[in-house]
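Participant: sequence and predicted structure are below.
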Amino acid sequence: MENHKLWGGRFAEATSPCLEKLNRSIDLDKRLYEEDIEGSKAYAKALLKIKLLTEDETEAICDGLDIVKVEWKKGIFNILQGDEDIHTANERRLKELIGAPATKLHVGRSRNDQVVTDMKLWMRSNLRLLDEHLRGLISIIVHRASHELEVMMPGYTHLQRAQPVRWSHYLLSHAWNLKNDSDRLGEILKHTNIMPLGSGALAGNPFNIDRLSLAAALNFDDITQNSMQAVSDRDFIAEFLFWASVVGIHLSRLAEDLIIYSSKEFEFVTIGDSYSTGSSLMPQKRNPDSLELIRGIGGSLFGQCCSFIMVLKSLPSTYNKDLQGDKEAMFTTFDKLTSILEVTAGTVKTLKVNPGKCKSALSFEMLATDVAYYLVRKGVPFREAHHLAGQVVAAAEEKGVNICDLTLEELKLISNHFGVDIGKVWNYENSIEQYQATGGTSKSSVLKQIEKLQSWLGKILPTEK
């Protein structure tokens, strides 16, 4: 099988079986078959332009590659022992189909520039799929927020009840994180959509290939400017892995909230049956396994990112075989992120919010900040107002009552600024509605958030054609 190797001419001995196994990447990179064929067809036409291929040879190569593509699509492509990677496999099969013209296709091209081109083509398509999943999840959140505006709940800091907020405002906080993720993805797509093909192994292409026309044929926005940098560049993979880690963190935090909120201690939400599991021992259990898997897998994405960046850290210039791990990192991260985006969307869409439980968790001590704001509106400096509001809380705790149950006389012992209008403070809806500034939890502000997100959802990625 040694004669199948693209590089075997100068070797007198067969490759060690253990190295052969370690070196072989076809089981992973066969996912790049379509991109490899797309790039090869475009490269064949570029060779035709400089008369290194005839029209008949180019037509035979393109027709043969179309047959190879169909075989992959139908799952009937026969991988041989000597097919160490997708490039070897496709070229070997092309030669079986059309004979000698297949051996001319690789002229001036290296697997070094070929593989990074394939990966960029794959990333370009599949990053857009991830963006569709992101936008789908954001759309679900926005839809819920627009239909559940009246639900009030505690907002938390340090997992302690802090201030009353709208459930919709809480939901949208996660939508904005995901919107930022989508915006960052657009930037990664710009960096990815620069073509390295025509860089050769490291020194460039000696046959004056028209790289700009080749880039246009493959829908790249631009071409790389340094062949040594181009063949070793995996920054777009590192960016993707880091980006995926951030998305994983955002999904994990949402999952953590919903796990807590779905517990019997909270009961703010009920996870749908289709995204819950039971216990093999305890019949009463409704376990949020969907959310726990999201939380767990979200963490593993960062591990993949760290692992690959450490591979890049110590590499000398241009291509090194260490980079073969790039495809495993890329595919694994894509698959995991896709799965948890799908499950998150399904879980959020089907969960039930329990307005009564959310509202009953509100307590009057959460209006202590509002007491301080009340005093500020009376002309008291904020630091003094904050101190006086703290005294109100302490007085209520000492009496064993809610702060709203303190009499006006008791409040006046703390500050003469308290008047009969303090009664308006003891209202959760009033508390929420005071936050009218952009980004606040008032109804008008939440509606503006919904409107902005709906408008953004109607737009396409800046690099989409």
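Facilitator: Great, that's in hand. Numbering: from 1, shown residues only.

Participant: how is the chain divided into domains?
Facilitator: According to automatic domain parsing, the chain comprises the domains 2-104, 111-200+219-360, 364-434.

Participant: for those domains, which has the smallest mean pLDDT value?
Facilitator: Looking over the domains of the chain, mean pLDDT reaches its minimum on domain 2-104, with a mean of 88.

Participant: what's the closest of the domains of the chain to Lys452?
Facilitator: Between Lys452 and the domains of the chain, the shortest separation by CB to CB is 9.1 Å, and it involves domain 111-200+219-360. In this view, the C-beta of every residue, glycine as well, is placed from N, C-alpha and C.

Participant: give me the element Lys327 is part of.
Facilitator: Counting by DSSP states H and E, the element that carries Lys327 is helix 325-350.

Participant: next structured bit after that helix?
Facilitator: Counting by DSSP H and E, the element after helix 325-350 in chain order, helix or strand, is strand 352-353.

Participant: any chance you could map the strands in this structure?
Facilitator: Counting by DSSP state E, one finds strands in the chain at the ranges 152-157, 160-166, 194-195, 222-223, 269-270, 352-353.

Participant: strand partners of the first one, parallel vs antiparallel please.
Facilitator: So the one you mean is strand 152-157. Using DSSP bridges, the strands paired with strand 152-157 are strand 160-166 (antiparallel).

Participant: can you pull the buried residues of the partner strand?
Facilitator: Using 16 or more other CB atoms under 10 Å as the test for burial, strand 160-166 gives 161, 163-166.

Participant: swap in stretch 271-279?
Facilitator: Burial within stretch 271-279, assessed by neighbour count using 16+ other CB under 10 Å, is assigned to 271-272, 275-276.

Participant: also stretch 350-368?
Facilitator: Buried residues in stretch 350-368, defined by neighbour count with 16+ other CB under 10 Å: 350-351, 353-354, 358-359, 361-362, 364-368.

Participant: kindly report the same for stretch 254-267.
Facilitator: Residues of stretch 254-267 classed as buried under the neighbour-count rule (16+ other CB under 10 Å) are 254-255, 257-262, 266.

Participant: likewise for stretch 64-82?
Facilitator: Buried residues in stretch 64-82 (16+ other CB under 10 Å): 64-65, 68-69, 72, 77, 82.

Participant: sitting in helices, which of those residues do you find?
Facilitator: Using DSSP state H, the members of those that fall in helices are 64-65, 68-69, 72.

Participant: ok, which pair from those residues is furthest apart?
Facilitator: Farthest apart among these by CB to CB are Gly64 and Trp72. That separation is 13.1 Å.

Participant: what comes into contact with stretch 382-400?
Facilitator: Residues from elsewhere that reach stretch 382-400, judged by CB atoms under 8 Å, 6 or more residues apart in numbering: 365, 368-369, 371-373, 375-376, 380, 402-403, 405-406, 410-411, 414-415, 417.

Participant: ok, stretch 158-171 next?
Facilitator: 141, 144-146, 148-156, 260, 353, 355, 358, 361-363, 365-367, 369, 428, 431-432, 440-441, 443, 445-446, 449-450.

Participant: ends of that stretch, how far apart?
Facilitator: When the termini of stretch 158-171 are compared using CA to CA, to the nearest Å, they are 18 Å apart.

Participant: what's the answer for stretch 282-298, then?
Facilitator: Comparing the first residue of stretch 282-298 with its last one, the separation is 28 Å (CA to CA).

Participant: could you dump stretch 286-293 to CSV, C-alpha only?
Facilitator: What follows is stretch 286-293, C-alpha atoms only, in CSV (Å, rounded to 0.1, in the frame of the first residue of the first chain):
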residue,chain,number,x,y,z
ARG,A,286,-38.1,15.3,38.0
ASN,A,287,-34.4,15.8,37.2
PRO,A,288,-33.3,18.6,35.0
ASP,A,289,-30.8,16.4,33.2
SER,A,290,-31.0,18.5,30.0
LEU,A,291,-29.7,21.6,31.9
GLU,A,292,-27.1,19.6,33.8
LEU,A,293,-25.7,18.2,30.5
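
Participant: list the contacts of that stretch.
Facilitator: Counting contacts by CB under 8 Å, 6+ apart, the residues touching stretch 286-293 from outside are 255-256, 258-259, 262, 270-271, 275-279, 340, 343, 346-347.

Participant: which of the residues in that stretch are buried?
Facilitator: If you call a residue buried by 16+ other CB under 10 Å, then stretch 286-293 has these buried ones: 286, 288, 290-291.

Participant: now Ala217. Nearest residue, chain neighbours left out?
Facilitator: Closest residue in space to Ala217, ignoring its immediate chain neighbours: Ala42 at 4.5 Å, by CB to CB, 6 or more residues apart in numbering.

Participant: ignore what I typed, I meant Phe266.
Facilitator: If the residues on either side of it in the chain are set aside, Phe266 comes closest to Ile260, at 6.1 Å by CB to CB, 6+ apart.

Participant: that neighbour contacts Val269, doesn't it?
Facilitator: No. In this structure, Ile260 sits apart from Val269 without contact. The criterion is CB atoms under 8 Å, and the distance is 9.7 Å.

Participant: which positions are bridged to Val165 in the beta structure?
Facilitator: When Val165 is checked against DSSP bridges, its beta-bridge partners turn out to be Met153.

Participant: any idea how many residues pack against Asp63?
Facilitator: Using other CB atoms under 10 Å, the number of residues around Asp63 comes to 12.

Participant: contacting residues around the residue nearest to it when sequence neighbours are not counted?
Facilitator: Distances taken as CB to CB, 6+ apart place Ile98 nearest to Asp63, at 7.7 Å, with adjacent residues excluded. Ile98 makes contacts with 60-61, 63-64, as judged by CB under 8 Å, 6+ apart.

Participant: which two of the residues you listed lie the greatest distance from each other?
Facilitator: Comparing every pair within the contacts of Ile98 by CB to CB identifies Ile61 and Asp63 as the most remote, at 7.4 Å.

Participant: could I get the ones in helices among the buried residues of stretch 64-82 as JSON lines with distance to Ala395?
Facilitator: Supplementary listing: those in JSON lines, determined by distance: CB to CB, whole Å:
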{"residue": "Gly64", "distance to Ala395": "87"}
{"residue": "Leu65", "distance to Ala395": "82"}
{"residue": "Val68", "distance to Ala395": "82"}
{"residue": "Lys69", "distance to Ala395": "78"}
{"residue": "Trp72", "distance to Ala395": "76"}
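
Participant: thinking again about what came up before, buried ones among the contacts of stretch 158-171?
Facilitator: Those of these that meet the buried threshold are 141, 144-146, 151-155, 260, 353, 358, 361-362, 365-367, 428, 431-432, 440-441, 443, 445-446, 449-450, by 16+ other CB under 10 Å.

Participant: can you tell me how far Ile67 is from Lys448?
Facilitator: Separation of Ile67 from Lys448 (CB to CB, to the nearest Å) stands at 56 Å.
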